[in-house]
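Undergrad: Sequence first, then the predicted structure:
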Amino acid sequence: MLQGDASLLRLMTLFSPVFPVGGFAYSHGLEQAVHENFITNAEDLFDWLDALANYGSLHNDAVFIAEAWRSNDQGKSIIALVEIANANAASKERFLEIDLQGRAFCTSVAQTGFSKGIYKALPYPVAVGVLGHQLEISLSSVLTAYLHTFLSNLVQAAIRLVPLGQSDGVKIMAKLEKTILAITENSDKLTLDNLGSCCFLSDIMAMRHEKLYSRIFRS
């Protein structure tokens, strides 16, 4: 069981840039949104990311993490959850994000010895929830780390794409702390009954990105 600083340190390792899941390669449709001028400044970016966290694909990721954590806690099979997570991907590239990162995460976790009982391939948020429970790290801590990493990856992408200054990126992440904490403090509401997204423009951008001629990111 990991507690206190040990728990924090393990989460920092799992979600650090050196942990080989390749998160830096994905923009989650953000590149297309910038290309079509839906995101042109720091305010646009904050609104976009805040919506993803509260009402969009990141909200659903949080649901899958919470459900996977609880399923592991209760000894339930996660096969159905895996199928729902895969089916929930709104586009080909969104599916590749959760599939390829999930596979890389599971492989790296096994190779480092952090877990010998994790599956070989799980959707990324499901894998995070399963491992978090195996390591006996609290659900709120796992969610906080995942949400922060997801959002900071997209902020870093936007700094290159818009472009924005690094100080803008820091200010956006500081504002998003309230969003992250509000989600983790209400983790009991993160159930399949609350699964769903109304960030349709983000999903459309992810679909259109598949046809973007010149691009930096895989999604």
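TA: Perfect, thanks for sending it.

Undergrad: Counting by contacts, list what the helix ranked longest in the chain packs against.
TA: Longest among the helix segments of the chain by residue count, using DSSP state H, is helix 139-161. The contact analysis (3 or more CB pairs under 8 Å, 6 or more residues apart in numbering; DSSP states H and E) places helix 139-161 against helix 4-14, helix 30-35, helix 42-55, helix 57-74, helix 124-134, helix 166-185. Glycine gets a C-beta too; all of them are placed from N, C-alpha and C.

Undergrad: out of those, deepest packed?
TA: Of all those, helix 124-134 carries the top mean neighbour count, a mean of 26, counting by mean count of other CB atoms under 10 Å.

Undergrad: so who does the residue nearest to the spatial centre of the chain touch?
TA: When CA atoms, centre = their mean is applied to the chain, the residue found nearest the centroid is F150 (4.4 Å). Contacts for F150 (CB atoms under 8 Å, 6 or more residues apart in numbering) come out as G23, L58, D61.

Undergrad: Neighbours of I84, how many?
TA: Using other CB atoms under 10 Å, I84 has 18 other residues around it.

Undergrad: Ok, G23 next?
TA: Other residues close to G23 by other CB under 10 Å number 22.

Undergrad: Do I have it right that it meets Y146?
TA: No. Assessed by CB atoms under 8 Å, G23 is found out of contact with Y146, at 10.7 Å.
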